[in-house]
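Participant: Structure for the following, please:
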Amino acid sequence: MAGSTHPTVGVLALQGDFREHIAVLGALGADAVPVKRPEELERVAGLVIPGGESTVMDKLSRMFGMAEPLKAAVASGMPVYGTCAGLIMLADTLLDAIEGQQTLGGFDLVVRRNAFGSQLDSFETDLDIPVLGDPAVHAVFIRAPVVESVGAKATTLASLSDGRVVAVEQDNLLGTSFHPEMTGDTRFHEYFLRKVAAA
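Facilitator: Here you go, the predicted model:
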């Protein structure tokens, strides 16, 4: 549990690439578990919201009675890391949402869905991320969102060469437009686990 050497960290397992995050977190020594129900959320000290379809994740979170408990967890200060669709889920404001789409909020950001276009417009690049040190992080973008504006409470961790923001932090929250679970570079997950330990 929280405070032990192996914190229990959940990965929201409603949809998306949750298995990959569970594998990375487990390899780093965390007790990583899938979370689909409110009672499972209560047992974790931190949560990863994975990539996937933000619209489907939103619908399923409401269908499974998870939306309100997730909002409460974010508001209570639980460390939460959102990648790709997970970043969309955490944004206070969402652009290009489908009709009726909701977010959990909590992150003082404006995020645009599918900012780089379709699956065909996926790409990879190297990012300098000072909080993680050298070398650069190899980042994989798949139908990725982008942070259109960063509010006063949030901090930019990384931007593309054109200035578009793709990694952010705010107190207990961490977000990336890209998929660190796919590259073998575990520094973002390690950074998140330090947040969980500190909380």
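Participant: Using just helix, strand and coil, how would you label the residue nearest the centre of the chain?
Facilitator: Nearest residue to the geometric centre of the chain (Cα atoms, centre = their mean): residue 82, 0.8 Å. The three-state label given to residue 82 by DSSP: H, G, I helix; E, B strand; the rest coil is strand.
Participant: ok, it - contacts?
Facilitator: Taking Cβ atoms under 8 Å, 6 or more residues apart in numbering, we find residue 82 in contact with 48-49, 88-90, 107, 173-176. Glycine gets a C-beta too; all of them are placed from N, C-alpha and C.
Participant: Among these, which ones are in helices?
Facilitator: Counted as lying in helices by DSSP state H, out of the contacts of residue 82, are 88-90.
Participant: tell me which residues in the longest helix seen in the chain are buried?
Facilitator: Identified as the longest helix of the chain according to DSSP H is helix 187-198. By neighbour count with 16 or more other Cβ atoms under 10 Å, helix 187-198 contains the buried residues 188-189, 191-193, 195-197.
Participant: same question, stretch 50-63
Facilitator: Across stretch 50-63, burial judged by 16+ other Cβ under 10 Å covers 50-52, 54-55, 57-61.
Participant: which residues touch that stretch?
Facilitator: The contact list for stretch 50-63 (Cβ under 8 Å, 6+ apart) reads 11-12, 14-18, 20-21, 49, 66-67, 70, 83-86, 88-89, 98, 101-104, 113, 142, 145, 179, 181.
Participant: Quick check: closest non-adjacent residue to residue 107.
Facilitator: Of all residues not flanking residue 107 in the chain, residue 90 sits nearest, at 4.3 Å (Cβ to Cβ, 6 or more residues apart in numbering).
Participant: residues in contact with that neighbour?
Facilitator: If a contact means Cβ under 8 Å, 6+ apart, then residue 90 has 49, 74, 80, 82, 103-107, 109, 173, 175 as its contacts.
Participant: at 7 Å what do you get?
Facilitator: 49, 74, 80, 82, 103-104, 106-107, 173, 175 (Cβ atoms under 7 Å, 6 or more residues apart in numbering).
Participant: Filter the residues you listed down to the ones in strands?
Facilitator: Using DSSP state E, 49, 80, 82, 107, 173, 175 are the members of the contacts of residue 90 that sit in strands.
Participant: was I right about the second one contacting residue 171?
Facilitator: No. The criterion here is Cβ atoms under 7 Å, and residue 80 misses it with residue 171 at 10.2 Å.
Participant: Between these two, tell me which one has more neighbours.
Facilitator: The neighbour comparison of residue 80 against residue 171 (other Cβ atoms under 10 Å) goes to residue 80, with 27 against 15.
Participant: now that one, which residues is it bridged with?
Facilitator: When assigned by DSSP bridges, residue 80 has beta-bridge partners residue 47, residue 173.
Participant: what's the spacing between it and residue 22?
Facilitator: Noted for residue 80: a distance of 16 Å to residue 22, by Cβ to Cβ, to the nearest Å.
Participant: re the thing from before, helices or strands next to the longest helix of the chain in the packing?
Facilitator: strand 46-49, strand 173-176 (3 or more Cβ pairs under 7 Å, 6 or more residues apart in numbering; DSSP states H and E).
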